[in-house]
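Novice: here is a sequence together with a model predicted from it:
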Amino acid sequence: MSVSLQSPPSSAISSFQGRKLRFSNGSAPSNLLFTSRRSLPLIRASAVDTGPATELDAVSSFSEIVPDTVIFDDFERFPPTAATVSSALLLGICSLPDTIFRNAVDMALADSECNKHENSELRLSCFCSKALVNVGADLAKLVPGRVSTEVDARLAYDTHGIIRKVHDLLKLYDRVDVPPERLLFKIPSTWQGIEASRLLESEGIQTHLTFVYSFAQAAAAAQAGASVIQIFVGRLRDWSRNHSGDPEIEAALKRGEDPGLALVTKTYNYIHKYGHKSKLMAAAVRNKQDLFSLLGVDYIIAPLKVLQSLKETVTTPEEKYSFVRRLSPQSAAKYNFNEEELVKWDQLTFASAVGPAAVELLAGGLDGYANQANRVEELFGKLWPPPNV
């Protein structure tokens, strides 16, 4: 979770791609790693017309466009603006012994505090936290924006467990001189996760709520003050093609709208009409038409093939300025919400409003993240103790 999230409005939660490094776990988004801009630089439209440009130039004047890709080798040549550190990333690092981040993992496995734990579960949990922070600290030296750190998905239904984990990670980051303003914490959008986000944001700790698949989740996240809210457009579309029975999705389809695009639009309008501070991220964007339909949203994570097509398509100055901003504070002000959508969300109203699509997709995402966390601990158990420990 990924766009260049430099503290102000236009930034992005990123990932990094390594030496042909790819992860095929279907439930985990590929932007769990660092997102490099590679040969697809973010170029905002200039006030000075310099002649023919590309579609990428044009759309980048409306939204922060970020490649949904994973790379390591091009880091120095195509530096990302921000990064995400996750269990998926740790697995990738451990599969590439010569990566520049491997030492950060080895140092975590040699940590004296972790090694004091006689309980193996506590020791492995300590190793994982240290590894995430060590890699995150290395990334903070390499990117100008914020580093987002995944919070253990196995805590998704434990508000106080999430908060304790974030506080522990913050203490570790403080020891390696990474200040809170350089950090985001990626939390699943269960009710407990949203409540944890609310309490953490009240402390000035920035959160990134992921796995949002319903308006109830999005609105509750905005009311909680989450710094970033991430909606997966394509996954909702996929679900709607193979399932039925979700009132929110069926209402969108009845209006002739794509359910994923409709949710992003509605959430954007809600955030801007009612003055919430959250920034909105559209992920799992599948094609150029999706991207054109979302112009104006804060961040769009798009596949490399879509961005490459945008980059290769040259536009004349007339065509460049014909691109339309679909989402804006002005259009948000005209959007009408019904009384049920404007409630102050609590656990009961939230549970009754979240439909089967969100329940199923959220569970699938959590399973994927939890599986990766388990694999990291299993791998660290095999790697420990490292030489000279």
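Specialist: Here it is on my side, so go on.

Novice: check the offset of stretch 181-200 from the chain's centre.
Specialist: Distance, stretch centre to chain centre, for stretch 181-200: 12 Å (CA atoms, centre = their mean, to the nearest Å).

Novice: so where is the chain shaky, pLDDT-wise?
Specialist: 1-52, 67-82, 317-322, 386-389 (pLDDT under 70).

Novice: 50 instead, please
Specialist: Filtered on pLDDT under 50, the chain yields the residue ranges 1-49, 70, 73-74, 77-79.

Novice: helices of the stretch 51-200 of the chain, residue ranges please.
Specialist: Ranges of helices within the stretch 51-200 of the chain are 55-59, 87-95, 102-109, 112-115, 120-142, 159-175, 191-202, based on DSSP state H, counting those that start in this stretch.

Novice: what residues sit buried inside the shortest one?
Specialist: The reference is to helix 112-115. Buried residues in helix 112-115, counting neighbours by 16 or more other CB atoms under 10 Å, are found at C114. C-beta: built from backbone N, CA, C; applies to glycine.

Novice: what helices and strands are in contact with it?
Specialist: The contact analysis (3 or more CB pairs under 8 Å, 6 or more residues apart in numbering; DSSP states H and E) places helix 112-115 against helix 120-142.

Novice: and of the helices of the stretch 51-200 of the chain, who's closest to M281?
Specialist: Counting by CB to CB, M281 lies closest to helix 191-202 out of the helices of the stretch 51-200 of the chain; the figure is 14.4 Å.

Novice: for the closest one, which positions count as buried?
Specialist: Neighbour-count burial for helix 191-202, counted by 16+ other CB under 10 Å, picks out W191, Q192, G193, I194, E195, A196, S197, R198, L199, L200, E201.

Novice: does the second one touch T159 like I think?
Specialist: Yes: assessed by CB atoms under 8 Å, Q192 is found in contact with T159 at 4.4 Å.

Novice: assign a three-state SS to I300, would you?
Specialist: Judged by DSSP: H, G, I helix; E, B strand; the rest coil, the three-state class of I300 is strand.

Novice: next, the contact list for it, please.
Specialist: For I300, the contacting residues are V3, S63, E64, I65, V66, M281, A282, V285, L291, L294, by CB atoms under 8 Å, 6 or more residues apart in numbering.

Novice: ok, now with 10 Å
Specialist: 3, 12, 59-60, 62-66, 68, 233, 264, 280-283, 285, 290-291, 294, 306-307 (CB atoms under 10 Å, 6 or more residues apart in numbering).

Novice: what about P247, how many residues nearby?
Specialist: By other CB atoms under 10 Å, the residues close to P247 number 11.

Novice: wait, it sits on A353?
Specialist: Yes: counting by CB atoms under 10 Å, A353 is a contact partner of P247 at 9.3 Å.

Novice: out of the buried residues of helix 191-202, who's nearest Y299?
Specialist: S197 (17.7 Å).

Novice: what about that closest one, distance to P385?
Specialist: 37 Å (CB to CB, to the nearest Å).

Novice: can you check A283 too?
Specialist: Remark: distance between A283 and P385 (CB to CB) = 39 Å.

Novice: these two: which has the busier surroundings?
Specialist: Taking neighbours as other CB under 10 Å, A283 and P385 compare with A283 leading, 27 against 9.

Novice: ok, and the closest non-adjacent residue to the more buried one?
Specialist: I301 (4.4 Å; CB to CB, 6 or more residues apart in numbering).

Novice: what's the nearest residue to F215 if we skip its chain neighbours?
Specialist: K266 (5.8 Å).

Novice: look up phi and psi at the one you found.
Specialist: Main-chain torsions, K266, degrees, to the nearest 10: phi -60, psi -40.

Novice: if I look at it, how far off is A222?
Specialist: 11 Å.

Novice: do K305 as well
Specialist: According to CB to CB, K305 stands 32 Å off from A222.

Novice: then W345?
Specialist: 9 Å.

Novice: the two: which has the busier surroundings?
Specialist: Between W345 and A222, counting by other CB under 10 Å, A222 is the more crowded of the two (23 against 20).

Novice: surely the more buried one and I231 touch.
Specialist: No: using CB under 10 Å, A222 is not in contact with I231; the gap is 11.7 Å.

Novice: name the residues contacting each of the two.
Specialist: In contact with both A222 and I231: L209, T267, L280, using CB under 10 Å, 6+ apart.

Novice: ok now the helix or strand the last one falls within, how far from the chain's centre?
Specialist: With secondary structure defined by DSSP states H and E, L280 is part of strand 279-283. With CA atoms, centre = their mean as the basis, the distance from the averaged C-alpha position of strand 279-283 to the chain average is 8 Å.

Novice: same question for stretch 157-165.
Specialist: Relative to its chain's centre, stretch 157-165 lies at 19 Å (CA atoms, centre = their mean).

Novice: do stretch 270-282 as well
Specialist: How far stretch 270-282 lies from its chain's middle: 16 Å, per CA atoms, centre = their mean.

Novice: in CSV, list the C-alpha atoms belonging to it.
Specialist: What follows is stretch 270-282, C-alpha atoms only, in CSV (Å, rounded to 0.1, in the frame of the first residue of the first chain):
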residue,chain,number,x,y,z
TYR,A,270,-18.3,11.9,1.2
ILE,A,271,-14.8,12.8,2.3
HIS,A,272,-14.8,16.2,0.5
LYS,A,273,-18.4,17.2,1.1
TYR,A,274,-18.1,16.6,4.9
GLY,A,275,-14.6,17.9,5.4
HIS,A,276,-12.8,14.7,6.5
LYS,A,277,-9.0,14.8,6.3
SER,A,278,-8.5,11.3,4.7
LYS,A,279,-6.8,10.9,1.4
LEU,A,280,-8.3,8.2,-0.9
MET,A,281,-6.4,5.6,-2.8
ALA,A,282,-7.8,3.6,-5.7
